[in-house]
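*Asks:* attaching a predicted model along with its sequence, questions to come.
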Amino acid sequence: MFRAATLCALAVLAMAGEAQACAVVRGRSTPADDLREARAVVQGATAIIDAEVVEPYRDSSSPAVVRAERVLKGPAQAQFKVGAVTSCDLTLDQAGERLRLILYGGPDVFHTPYDQANARYEDRVLGSDRRKVWPYRAGAAAH
């Protein structure tokens, strides 16, 4: 009985660990730390765009297609395909959603491993405030 309860508890903890794998747990950071992290993210990105989702993400073989309103870094192209390499990537499953995307990978399919958690500092590094030039707008969920 004890062994079964222990195995059950371990299984629950393992599942909780998987569910939290993408969660960012940050200790206290200073503005200098946040700015340093933003610089590294911007420098490492393949492309940074203000985009609108044209075709929502469906699965690994059907990535989202986004229209680039503004290319802040990377290839100057009108559209980008955006997939999800891991469960931590944004899936862009709402047609019409407008947001700033920090993209990695490419050249055919990009992915978005970073959320908007450090947006203020990323915008400072880019010299472009997304709240003014391309405010977030939710889209319609795919059916």
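*Replies:* Received the coordinates, thanks.

*Asks:* quick one: the helices in this protein?
*Replies:* Along the chain, the segments classed as helices by DSSP state H run 2-19, 31-44, 119-126, 130-133.

*Asks:* ranking these by mean pLDDT, which is last?
*Replies:* Mean pLDDT across the helices of the chain is lowest at helix 2-19; the value there is a mean of 39.

*Asks:* give me every residue that touches the closest residue to residue 134 other than its chain neighbours.
*Replies:* Computed as C-beta to C-beta, 6 or more residues apart in numbering, the closest residue to residue 134 that is not its neighbour in sequence is residue 50, at 3.8 Å. The way it works is simple: take the backbone N, C-alpha and C, and place the C-beta from them, glycine included. Residue 50 makes contacts with 68-70, 72, 98-101, 130, 133-134, as judged by C-beta atoms under 8 Å, 6 or more residues apart in numbering.

*Asks:* between those residues, which is nearest residue 86?
*Replies:* Checking these against residue 86 with C-beta to C-beta, the nearest one is residue 101 at 16.1 Å.
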